[in-house]
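Engineer: Just to be clear, the model below is a prediction. Sequence and coordinates:
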Amino acid sequence: MPESDGYALSLTKKILRFLMVLNPLFAFLILALLVASLIWESWVMTALGVKSEVDSTKLIFAMRTIMVLGIAAAPLVQVVLKRLMAIVESVDSGNPFVLMNAERLKTIAWSLVSLEVIHFMIIVVAKGASSQELPIDIDLKFSFTRWLAVLLCFVLARVFEQGARMRDDLEGTI
Amino acid sequence: MPITVKLDDVLYERRMTLTELSEKIDITLANLSILKTGKARAIRFSTLEAICKVLDCQPGDILEFTR
């Protein structure tokens, strides 16, 4: 393996490890915010920029729903990161073309689909509750790139399946 | 698998061991054992040629198709 590839792999592992710590931390912070919004509603909502003089019941419910969806996304992100780490480790050990990696890529693809569904749900909730007086300031754009990534993962899973079979055949050839 | 390997029989007829064959055709004993026990998925023409040359036989003497 070229030295630059080895460096890239080592860097990728470090980034993945960092994200695997950061992701549950973010989920915990969102959970803390959700709990705080239930206990100290007016204080948290003022801190989030909700004006107290306007009726904000609908907006508060929407924000809590978005928080719950955010927490629900964390385990999915963790699954993606863990599987990606396992794939990177298999590349490091010199044996990436195994059926297990194809399964991992499929899991990543389905997790990404689920994350996109959650993203879509957040868009629906935010659009439904956002108004001119009380707008929800979240990036609500549809991303073609993310769906392309999903497609890429499914295709790569198939490539790995084929690669693993070809490798098995080659190993069994005398 | 319907293709069976009869390498053992031919070796017995030639009074040759698998180790001797592996040394003569320059294929590892482990790989020849895989071939002999029918665990191989495929055999290269070059391997078959080398075996036939050393054992002075035809590919049909080594491989047999059974229904």
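Structural biologist: Now that the structure is in, tell me what you want to look at. Just so it is clear, the structure is predicted and the values come from calculations on it, not from any experiment.
Engineer: Now for the residue in chain A that chain B sits nearest to: which residues touch it?
Structural biologist: In chain A, no residue comes nearer to chain B than A:Gly172, which is 3.0 Å away by CB to the nearest CB. For the C-beta atoms, the positions are set from N, CA and C on the backbone; glycine is no exception. Contacts of A:Gly172 were listed using CB atoms under 8 Å, 6 or more residues apart in numbering or on different chains, and they are B:34, B:39-42.
Engineer: Low-confidence stretches in chain A?
Structural biologist: Applying pLDDT under 70 to chain A flags residues A:1-4, A:51-55, A:134, A:139-140.
Engineer: Next to chain B in this structure, residues from it, please.
Structural biologist: A:168-169, A:171-174 (CB under 8 Å from any CB of the partner chain).
Engineer: how about B:Met16, phi and psi?
Structural biologist: phi -130, psi 140 (degrees, to the nearest 10).
Engineer: Give me the distance between it and chain A.
Structural biologist: Counting by CB to the nearest CB, to the nearest Å, the gap from B:Met16 to chain A is 18 Å.
Engineer: OK, contacts around that residue?
Structural biologist: B:Leu55 are the contacts of B:Met16 under CB under 8 Å, 6+ apart.
Engineer: let's see 10 Å
Structural biologist: B:10, B:24, B:54-55 (CB atoms under 10 Å, 6 or more residues apart in numbering or on different chains).
Engineer: same question, B:Ile51
Structural biologist: With contacts defined as CB under 10 Å, 6+ apart, the neighbours of B:Ile51 are A:174, B:7, B:10-11, B:21, B:24-25, B:27, B:32, B:35, B:43, B:57, B:59, B:61-62.
Engineer: hey, which helix is longest across chain B?
Structural biologist: Longest helix of chain B, by residue count under DSSP state H: helix B:45-55.
Engineer: If we go by neighbour counts, what in the helix or strand following that helix is buried?
Structural biologist: Later in the chain than helix B:45-55, the nearest helix or strand by DSSP states H and E is helix B:59-62. Along helix B:59-62, these residues count as buried under the neighbour rule (16 or more other CB atoms under 10 Å in any protein chain shown): B:61-62.
Engineer: How about helix B:59-62 and chain A, any contact?
Structural biologist: No - taking CB under 10 Å from any CB of the partner chain as the criterion, helix B:59-62 and chain A are apart, separated by no less than 11.6 Å.
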